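Peer 1: A predicted structure for the sequence below; I have some questions about it.
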Amino acid sequence: MSMSDPLGDMLTRIRNGQRASLKQVICPASKMRESVLSVLKSSGYIRGYKEEASEQGHKNFVIDLKYDEGTPVIRELHRVSKPGRRIYSAAQAIPRYYNGLGITIVSTPRGVMADQQARDENVGGELLCQVF
């Protein structure tokens, strides 16, 4: 059975893993997920991730979750653009999440990047998710 929203599935796995105080979560690998994970890692929301092969030969990401004195670093994580309703924004109209304390991850023609980098490069795109 195919998944209708693979990125939303990964975000839900991260949210559920942090609520259960897990050190790592596993999700299927894809290029889009890897791009989002690299933005989360560079922004300091996760410790890291690595790609592993399962017994069936499928590739999975093992995501190392990050905690600060027992509380998850990610307080809020939600999908903005969904398969049923895509949300796009121009470069200067990208919303500031929590007045710039959080980030909005944007899929642009130059790749997936955080909102501040998209504004600096003056490129807009699809708003994937917001993290605080």
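Peer 2: Received the coordinates, thanks.
Peer 1: which element is the most centrally placed residue in the chain on?
Peer 2: By Cα atoms, centre = their mean, the chain has its centre lying nearest to V36, at 4.2 Å. Using DSSP states H and E, V36 sits within helix 31-42.
Peer 1: in that helix, what counts as buried?
Peer 2: Buried residues in helix 31-42, counted by 16 or more other Cβ atoms under 10 Å: R33, S35, V36, L37, S38, V39, L40, K41. C-beta: built from backbone N, CA, C; applies to glycine.
Peer 1: just the CA atoms of it, as PDB, please.
Peer 2: Output of helix 31-42 as PDB, limited to C-alpha atoms (Å, rounded to 0.1, in the frame of the first residue of the first chain):
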ATOM      1  CA  LYS A  31      15.600  12.200  -1.200                       C
ATOM      2  CA  MET A  32      12.900  14.700   0.100                       C
ATOM      3  CA  ARG A  33      13.100  13.200   3.600                       C
ATOM      4  CA  GLU A  34      16.900  13.400   3.500                       C
ATOM      5  CA  SER A  35      16.700  17.100   2.500                       C
ATOM      6  CA  VAL A  36      14.400  17.900   5.300                       C
ATOM      7  CA  LEU A  37      16.500  16.000   7.800                       C
ATOM      8  CA  SER A  38      19.700  17.800   6.700                       C
ATOM      9  CA  VAL A  39      17.900  21.200   7.400                       C
ATOM     10  CA  LEU A  40      16.700  19.900  10.800                       C
ATOM     11  CA  LYS A  41      20.300  18.800  11.600                       C
ATOM     12  CA  SER A  42      21.900  22.100  10.500                       C
END
